[in-house]
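**Student:** Kindly return the folded structure for what I paste below:
(one chain, ligands or ions: 1)
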Amino acid sequence: MPPSGTHTHAEDTDATLRQALKAAQSEVEALRSELDETNRGVLALYAELEAQADELRQATELKSRFLAYMSHEFRTPIGSIRSISRLLIDRVDGPLTAEQEKQVRFIQSTSAEFDDMVNDLLDLAKVESGRVTIFPDWFKLVDLFSALRGMFKPVLTSPDVVLVFEEPHDVPPIFNDDRKLSQILRNFISNALKFTTHGEVRVSARGNADGTVTFSVADTGIGIDPAFHHAIFEDFSQVDSPIQKRLRGTGLGLSLSKRLAELLGGSVAITSALGVGSTFSVTLPARLATGDGPEPAEAT
Ligand code: ADP
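**Tutor:** Below is the predicted model:
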């Protein structure tokens with residue numbers, strides 16, 4: 001038996017264990033109160049976020065209403081400017097000197113740009129306020145491509161750039177809104193033509209294994225610096241290069257395309273390298289789910 005006042009090995013171990021347990025318990029306690037605090041913080045942040053989201057929703061709603069109202073009001077005066085300059089160019093009220101004709105043509109092209117901008121703004125406001133209705137139906141890709149080919153024929157004035165529509169391969173019949181898809185592709189194609197001075201703009205489509213279809217517009221133009229890729233689909237986003245500044249549009253076409261693609265159940269994407277060219281693509285479900293009953297029978 002060990003002399004009194006000394007500890008056995010078992011007693012030592014016991015004390016150490018108790019100490020460790022106490023330390024662990026107080027650590028758990030501390031952690032728990034830290035967690036409680038964090039929880040309270042998260043709840044407070046959540047409430048704040050909710051309030052901010054609400055404010056944002058109201059601001060977006062106001063912005064959409066303002067945009068819709070403003071764009072609508074702009075249409076009539078722009079229409080008048082366009083038709084009066086048309087009358088002047090046609091010499092309905094008498095002759096024009098060469099300089100006057102140049103100036104009137106300038107008014108004409110500027111008001112056409114203004115008209116485009118107002119239309120884009122109006123479309124954007126409609127999309128934002130959820131007032132765009134999707135009309136899905138069965139359509140044939142060859143019809144869509146040939147309509148686009150017809151639309152762009154008059155603007156293909158440079159012999160150094162060709163617009164190619166590839167024969168679609170492995171693309172299933174599509175049930176989606178072809179007019180909205182056409183609007184997206186028109187944006188991609190007109191941008192591509194604007195920034196390509198040599199080579200080609202190639203429009204193609206391919207079916208994917210997951211039941212989606214990807215439409216691409218690839219150009220051999222000036223390309224876009226990767227630094228701009230993340231923001232290119234945002235409202236009013238424009239690339240900060242001398243050429244892109246010179247050919248400045250509204251900066252709304254791509255953001256409108258992105259929102260339209262989302263309404264059609266899909267998404268947009270970009271790959272581009274400076275000096276090599278850009279490819280803009282839109283991927284959509286081949287069969288848009290309508291939610292109300294079966295879709296109409298496929299067209300033959
Ligand atoms: P914009 O009306 O200015 O063309 P977009 O939203 O359609 O507006 O395009 C935003 C910007 O992205 C353009 O101003 C241009 O700088 C750049 N961009 C778009 N497409 C191309 C392209 N194919 N090649 C080079 N730059 C492009």
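
**Student:** quick one, strands of the stretch 101-250 of the chain?
**Tutor:** 137-139, 161-165, 174-176, 199-207, 212-219 (DSSP state E, counting those that start in this stretch).

**Student:** Tell me where the chain has helices.
**Tutor:** 9-89, 98-128, 141-152, 178-194, 242-246, 253-263 (DSSP state H).

**Student:** what about the protein, any weak spots by pLDDT?
**Tutor:** By pLDDT under 70, the weakly predicted segments of the chain are 1-7, 236-238, 242-250, 291-300.

**Student:** Would you mind naming the residues that bridge with V201?
**Tutor:** L163, D219 (DSSP bridges).

**Student:** now do S278
**Tutor:** Taking DSSP bridges as the rule, S278 bridges to S272.

**Student:** Please look at it and I189 and confirm they touch.
**Tutor:** No: S278 sits out of contact with I189 when judged by Cβ atoms under 8 Å, with a separation of 11.9 Å. Placement of C-beta: from N, CA and C, glycine included.

**Student:** Now mean neighbour count too, for the strands of the stretch 101-250 of the chain, in a markdown table please.
**Tutor:** As requested, these are arranged in a markdown table below (neighbours: other Cβ atoms under 10 Å):
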| stretch | mean neighbour count |
| --- | --- |
| strand 137-139 | 16 |
| strand 161-165 | 16 |
| strand 174-176 | 22 |
| strand 199-207 | 19 |
| strand 212-219 | 22 |
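
**Student:** what's the closest of the ones you listed to L43?
**Tutor:** strand 212-219 (39.7 Å; Cβ to Cβ).

**Student:** which residues are in contact with that closest one?
**Tutor:** 171-172, 174, 181, 184-185, 188-189, 192-193, 195-196, 199-208, 266, 277-286 (Cβ atoms under 8 Å, 6 or more residues apart in numbering).

**Student:** Intersect those with the contacts of the ligand.
**Tutor:** Subset of those in contact with the ligand: A192, F195, S278, counting by Cβ under 6 Å from any ligand atom.
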